[in-house]
Every structure is written in C-alpha cells, then in structure tokens.
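# quick one, what's the 3D model for this:
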Amino acid sequence: MNQTRQLAAIMFTDIIDYSNLMQENDTQAKIIKEKYHQNVYTINEKYNGNVIQFYGGGTLCIYKSAIDAVHCAIELQSIFTKDPQIPVKIGIHTGDIIFNGNEVIGDSINVASRIESLAVRNSVFISGKVYDEIKNQKSIQTQYLGLHYLKNVDSPIDIYVIYNADHAQKTRDLLQQAGLYNGISNEPKNSWWSTFGRNKSFISYGLILILMLVSLLLYLLNNNTGNSEDTAVKTIAVLPFVNLTRDLEQEYFSDGITEDIITQLSKINELKVISRSSIMLYKNTKRSIKEIANDLEVVYILEGSVRKDGDSIRITTQLIDTQTDNTVWGQTFNHELKYIFEIQQDVAYEVAKALHAKLTNEEKENIRQISTRNSEAYELYLQGLYNLRAGTKEGLDKSFPLLRAAIILDPEFADAYAEIAGYYIRQGAWRGQLSPEVARQEALQYVRKALELNSELKSAHTRMGTIKFWFELDFIGAEIEYKKGGDSEVYGFYLLMMGRFEEAESMFNEVYGRDPFESHDRPHRGITQYFLGNEEEAINILKGGVSLHPNVLTGYHKLGKIYLALGKYPACIELLEQGMQISNERLPSILSDLAIAYHRTGGHDKFTELLAELNLLQAKSNKGSPSFFLAQTYAGIGEIELAFEWLNRAYKDREVELIWLKIEPQFEILHSDQRYKDLLEKVGFSMQ
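Residues are numbered from 1 along each chain as shown. Alright, predicted model coming up:
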C-alpha cells in the first residue's frame, strides 16, 4: 500500500470522564456527545480541518497550519464552556505524519496525544513547535508551562497553554490545582531538565550501558524460566472496539465485532479470554490499559476500532503486553463487509501466533466455521443481539423483529434461530410476557431448527437444556443438553436448583475466573455460598453485584432474599423497595419476599396490600409464576394448608419457578410434610 508523508498540525480532543458521565446520566451524556460531535465537525470545516478518528469521547484532527488548529481549538472551547458544558481538554503538536491508506501514523501523533493527556479541563495545551508558529499572532495569548517528559517520547517537550482573556482566570485556577502553574513567565527558562534533555551526548553512553544491562537481565531470566511462556495459558482481554462510524447508532456493530472476536479467541484452549459482559464495563473508559489489566488479572490486552461505511469496513487492532507496555502485534484490515468473518478469523490466528499458542486441527476447524455469508442478515443479527442483551423490556421487544428479519434473509442462519429461541425463553421467565406453555412451543420450534442446521451449535444446546429444565421439568434431559452447550453459568444455575451446591460453586468459580464482573451469575454465586454455610461471603458477593450493576434487578432480588432468610427484615424491605423503584417492575417473586418481610415486622397493612396484588396477578395469568409465589408467601407466614393449595396450582399450570421448589428457604417449614416430598417427586427432583 502506498504511503504519503506530509507536515501537519495534529489536534487531539477528549471529554474528561466520559464513561462516568454515561453511567451517571445516560440521557445527558448522549446530549453532550451529540453537541460534541456536531461542533467538532462544524468548526473543523470552518478552519479547513480534517476529522480523522472518533474514539469514545475523543477525536483526532489534522490541519495544514498550526494557526488554524489553535483558532479551531479556541472556538471549540468557547462553545464547550456554554450550557450544556462539556469538560473537554485539547492538545496540539506539529510534525510529519504518514498516510498509510486510511490510517494516519507517525511519532507526531503520539506527541499530540500525550500533550492532550497532560491538559486540564477546558484548556488547550500546545507544544513548543506550535508556539513557534503562532507566537506572533496578537489574537492568541499563551503561558509557558515548562519542559515536560511525555510517555514514549525520548526528549522533553516545551509545553504552553493558550491563555486567552475570556477564561484566563479559570484556566489559571485549574493549572494551579494540577500543579502546572507557578506564576512562570511566557518564555522557557534554563533548567536541569532543559539542560539534561538537550544535551543528548551527555546521556548517550549512559543509555547504551542501561540497555546492555537490561539485555543481560532479560537473557538471564529467559534462561532460568525456559520456555514456560510458550506453554503457559495466556490471559487476554478484548476491550470494546471503538465505533469510528459517524452514525452514533452503529454501536451495535462495533460491540458485535468485539463479541465475535472474543468468541473466536475463546476457541483456543491455550488462551484464557475474559468474557463479553466484564469487558463491556470498560466501554468508553478512562482507565489505563495497565489498570484494566490489573482489574481483570490478564497479561495481554487486544484493543481496536471499527469504521463502517456502506459495504466497506475498516478494523484496526493492537495487541499489547501490559507487563512491558509493548505492542506485540497490530494490523489494519480494509475490506468489504462480506469478508468480516475472514477478518475475525485472521485476528484469532494472528493473536495465537503472536502469543505462541499452538492450534489443534479441531481448533482451526472451529475458527473456520462461519454462521452466515449474508452480510445484511449478519447486521440485523447483531442489532437483535444488542437489543436482546440490553436487559430491558424495550430491548427485548426490539430484538425479535430484527432477528426474524435475519432468518428471512438467510433461512440457514442457525445462530439467529438459537437467539430467537432465547427471546421466547425470556418471555416465559419470571419477568416475561408469555405463559410458560406458549413460550415453550415457540422456543422449541426455533431451537430445533437451529440444531437441524448445526447439530454442534453450543448456544442451541444450551437453549434446549433451558426449555427442558424450565418448561418441561425434564431435569435429566436438561443436564445432558447443558453439558453439550458448555455454558458454565447456565449449568451452574441448574446445579444450584438441584441442591448440588459444591458442583454449582465449581461452575460459578469457573465463570468468575473469566468474567469477574458478570451481572447474572454473581447473584446465584452468592446464593450458593449461603447454602454452603458461608453467609458473610454470600452477602459480600451479592452486595458487590448490586454495587457493580445498580440497574440490574436480579441483584437486589437475590440479596433481599438472603436478608429475608437470615432474618434481616428491615434490610430486606429497604433493598427490595429500592430495586422495584429503580426497575419500575413489580414482579410476583419480589412482592412475595417483601410481603413476608413486612408480615414479620408487624406491617400487616402493607402485607395485606401486597398479598392482594399477588392475587390480582394470579387471576390474570400464570406469567411470572404467581401461584408459586403465593405458596411461598403463605409458607413464609406459617399458613401450611394454603401453601400446599397454591403449590399444587403452580404444578398444574407448570409454572417456571417450580425449579426453586427444592431449595427455596421459605419452604423449609414444609420439608417434613409427606405432601412436600410427594410434590418433589412429581416435579422430578427425586430423579436427581
């Protein structure tokens, strides 16, 4: 590919703490991001700038002159300080850049990026080279901030701040807080750093000596450790690929590419790959690569970006060894969208090669498998999956027509059939909108089609296992399918319901090893610890889940359930009320636990109100297993006969939550009753 070189002014901009803004107020963050993008494009055009990349809350722009770049930065900051204010920092440098196809590279890019990282809120930091070009511009005022050593930049750089009168005092205050302003003059002074940085001959021999010593140390270490790195399991996390497409609604595509690459890498046994749900917490994060690696306990980080333009796609990747901060491998792929699967395969092969992971013939064959050749169907599938996993009713409702459209375009798209089955399973679960029987019938036809198309499809076997477990109470058949599916989280939940707590713990620990921040298995991992007698650990795990995922109702529900079982009634009430308020959902399971807690604390009016609500839900339908939870409520207040009456009704209606019958703490009062033992046998627990 031809390369062209040119001299340019490079400007990096970045929204400070953008990921925190997204978490605190998603709506406001979107307003801010829209204003940010719109003004970056508009003002850049005014000053003949070119927006090269968007990445999370940041941009890379280039200009033909430093004067244009600085004027553009000043105008942008003037806009960003007006409501709604956007906390942006900007860094500018000039130097040679290289156009390698659609990619821009060069040392000057790194320098500009490092200057931006040094900047403070709503400031513009520039290098000495930029200052030399704009110092005669009377409309631009500057303040010298001294020589600074920047990461991965050999020599120290003179740094200036644009110091225009409209917000000079505010800039001065921020600089003082950051320790960058000490009333220094507008011109560089000689300093130890200056002398040392400019006298290269003074340090050249020292650098050579240091390099020789480091080389010797590495040689000794390598000889002592042998080839352990080649044979050890390599730990890796794939960070969410950045969406560089101008259409902000294309997040589903970059997220989908990220997940597919994770899936491909997970097929390699010598790699331990962090799962999707944990890495998605780092979407638009400001945490450093090193910090993320420490969080996830991995050595290698794969990061990248996706730019989609019609039927063309550009994916950049970079594999980083976080222990050395070196790039192990990197590549840019420019192809038509129809070759997206080949790109994902290439990434898996190249990462394995870079990490010296040996691929078996079976692993190579698994990586070569392609789910569809229809790029339009693939896009619809990614959109459907993105909405399905949003965890909201709105997302669930949006997912089905997208997935359905995917299989209309490609009737042999097995993965899409499996996900539609998953949609119907969710609709028949504790917060779904369908009766168990309707959900079972619909899910079954799609999962059978998926297995007809691909008998080895793991997700389809997992869905079939859940149909057998939840809707058919075929526990033996469910376990067979779960083992074929290989999903440790789902299988762990099954083992928990069966009362096989040590086996469940083993499964959940396996999930935790590759997915430490997962939101769904954590509550059940906590409940498992409760049944193993580790009550304090159970509460700590569940509290951690609520803290990590404050908008996920399951965490509140399961922690409230444990508080109820331990007699911590005020804590139970506070938590469950909070969970219902956050989610705006009133589910039979939570109403039941809450009713019992109020009854045991003397809140009989509130108990009567919640019991009436449960009865009303039961009269409407068996969605959400209301009969089962009426039985739980009556058992919880000692009304044994009413508890059995509603349990028999739940069994007659084949309510999904019967899978909790064996381990639900509120049913302990029934354990010595023969009717309970008979019901366990009818449901199928006696076979386990």
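
# what ranges of the stretch 301-450 of the chain fall below the confidence cut-off?
Counting by pLDDT under 70, the ranges of the stretch 301-450 of the chain that qualify are 391-392, 430-431.

# how about the strands in it?
Assigned by DSSP state E, counting those that start in this stretch, the strands in the stretch 301-450 of the chain fall at 312-321, 326-336.

# the last one to strand 312-321, inter-axis angle?
Strand 326-336 and strand 312-321 meet at an angle of 170 degrees, taking axes from the mean of the first three to the mean of the last three CA atoms, to 10 degrees as the criterion.

# quick revisit: out of the strands of the stretch 301-450 of the chain, which is the most enclosed?
Scoring those by mean neighbour count under mean count of other CB atoms under 10 Å gives strand 312-321 as the most buried, with a mean of 20. The C-beta positions use only the backbone N, C-alpha and C, and glycine is treated the same way.

# that strand pairs with which strands, and in what direction?
Partners of strand 312-321 in the sheet, by DSSP bridges, are strand 300-309 (antiparallel), strand 326-336 (antiparallel).

# mind checking pLDDT for residue 687?
You'll see residue 687 listed with a pLDDT of 51.

# export the strands paired with strand 312-321 to TSV and tack on distance to residue 252?
Rendered in TSV, the data for the strands paired with strand 312-321 read as follows (distance: least, CB to CB, whole Å):
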stretch	distance to residue 252
strand 300-309	11
strand 326-336	19
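
# ok, which of those strands comes nearest residue 593?
Taking CB to CB, strand 300-309 is the member of the strands paired with strand 312-321 nearest to residue 593, at 41.1 Å.

# buried set for that closest one?
By neighbour count on 16 or more other CB atoms under 10 Å, the buried set for strand 300-309 is 300, 301, 302, 303, 304, 305, 306, 307, 308.

# am I right that residue 285 is in contact with residue 295?
No. Proximity of residue 285 to residue 295 does not meet the contact threshold set by CB atoms under 8 Å, at 9.9 Å.

# ok so, going back, quick one, which of the strands of the stretch 301-450 of the chain is nearest to residue 162?
Residue 162 lies closest, by CB to CB, to one member of the strands of the stretch 301-450 of the chain: strand 312-321, at 30.8 Å.

# can I get the closest one as PDB, trimmed to CA atoms?
C-alpha atoms of strand 312-321 as PDB (Å, rounded to 0.1, in the frame of the first residue of the first chain):
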ATOM      1  CA  SER A 312     -16.800  -1.100   3.300                       C
ATOM      2  CA  ILE A 313     -15.300  -1.800   6.700                       C
ATOM      3  CA  ARG A 314     -12.000  -0.900   8.300                       C
ATOM      4  CA  ILE A 315     -10.900  -2.600  11.500                       C
ATOM      5  CA  THR A 316      -7.700  -1.700  13.300                       C
ATOM      6  CA  THR A 317      -6.300  -4.000  16.000                       C
ATOM      7  CA  GLN A 318      -3.400  -3.800  18.500                       C
ATOM      8  CA  LEU A 319      -2.300  -6.500  20.900                       C
ATOM      9  CA  ILE A 320      -0.400  -5.100  24.000                       C
ATOM     10  CA  ASP A 321       1.700  -6.900  26.500                       C
END
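
# so what touches that strand?
Counting by CB atoms under 8 Å, 6 or more residues apart in numbering, strand 312-321 makes contact with 102-103, 241, 244, 257, 289, 299-308, 326-337, 340, 343, 347, 351, 354-355, all of which sit outside it.

# let's see it at 7 Å
Outside of strand 312-321, the residues within contact range by CB atoms under 7 Å, 6 or more residues apart in numbering are 102-103, 257, 289, 299-307, 327-337, 340, 343, 347, 351, 354.

# residue 7 in helix, strand or coil?
At residue 7, secondary structure determined by DSSP: H, G, I helix; E, B strand; the rest coil is strand.

# show me where the stretch 151-300 of the chain has its helices.
For the stretch 151-300 of the chain, the helices defined by DSSP state H, counting those that start in this stretch cover 168-177, 192-198, 200-225, 228-231, 251-266, 276-279, 289-296.

# contacting residues around residue 492?
504, 507, 508, 511, 521, 524.

# one more time with 8 Å
504, 506, 507, 508, 510, 511, 521, 524, 525, 528.

# pretty sure the third one sits against residue 490.
Put plainly, it is residue 507. No. Under the criterion of CB under 8 Å, residue 507 lies out of contact with residue 490, with a separation of 9.0 Å.

# sorry, back to before: out of residue 285 and residue 295, which sits in the busier spot?
When neighbours are counted by other CB atoms under 10 Å, residue 285 comes out ahead of the other of residue 285 and residue 295, with 20 against 17.

# backbone dihedrals for that one, please?
When read as degrees, to the nearest 10, the backbone of residue 285 gives phi -70, psi 160.

# again with residue 649
Note on residue 649: backbone dihedrals following degrees, to the nearest 10 are phi -70, psi -40.

# how about it, nearest residue that isn't a chain neighbour?
residue 627 (4.3 Å; CB to CB, 6 or more residues apart in numbering).

# do the same with residue 71
Nearest non-adjacent residue to residue 71, counting by CB to CB, 6+ apart: residue 47, 5.8 Å away.

# what does the pLDDT read for that neighbour?
Model confidence at residue 47, given as pLDDT, is 90.

# distance of it from residue 74?
Summarising the geometry, the distance separating residue 47 from residue 74, computed by CB to CB, to the nearest Å, is 10 Å.

# returning to that earlier point: would you mind saying which of the strands paired with strand 312-321 lies nearest residue 435?
Distances from residue 435 to each of the strands paired with strand 312-321 were compared by CB to CB, and the smallest falls on strand 300-309, at 40.4 Å.

# contacts for the closest one next, please.
Residues external to strand 300-309 that are found in contact with it (CB under 8 Å, 6+ apart): 53, 55, 102, 234-239, 241-245, 250, 253-254, 257, 261, 265, 289, 292-293, 313-322, 328, 337, 347, 351, 355.

# and residue 507 and residue 490? Which one has more around it.
It is residue 507, of residue 507 and residue 490, that has more neighbours when counted by other CB under 10 Å, with 25 against 21.

# in a strand, that one, correct?
No. Secondary structure assignment places residue 507 outside any strand; it is helix (three-state DSSP).

# heads up, I number from 594, so please use that
Fine by me, first position is 594 from now on; the one you just mentioned is residue 1100.

# what sits against it?
Contacts for residue 1100 were tallied using CB under 8 Å, 6+ apart; they are 1081, 1082, 1084, 1085, 1088.

# ditto for residue 1258
Contact partners of residue 1258, counting by CB under 8 Å, 6+ apart, are 1154, 1157, 1158.

# please repeat the previous calculation with a cut-off of 7 Å.
With contacts defined as CB under 7 Å, 6+ apart, the neighbours of residue 1258 are residue 1158.

# I'd like to know how far it sits from residue 942.
When residue 1258 is compared with residue 942 (using CB to CB), they lie 50 Å apart.

# same check on residue 1165?
Look at residue 1165 and residue 942: by CB to CB, they are 52 Å apart.

# where do the domain boundaries of the chain fall?
Following the assignment in automatic domain parsing, the chain carries domains at 596-782, 823-963, 1179-1281.

# I'd like these as TSV, with distance to residue 1009 appended.
Below are the domains of the chain laid out as TSV (distance: least, CB to CB, whole Å):
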stretch	distance to residue 1009
domain 596-782	28
domain 823-963	13
domain 1179-1281	24
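
# looking at those domains, spot the one closest to residue 1020.
domain 1179-1281 (9.0 Å).

# so how far is that closest one off the chain centroid?
In this view, domain 1179-1281 has its centroid 36 Å away from the chain centroid, taken as CA atoms, centre = their mean, to the nearest Å.

# check stretch 1047-1056 too.
In terms of CA atoms, centre = their mean, the centre of stretch 1047-1056 is found 24 Å from the chain centre.

# sec struct for residue 655, please.
strand.

# then residue 1255?
From three-state DSSP, the assignment for residue 1255 is coil.
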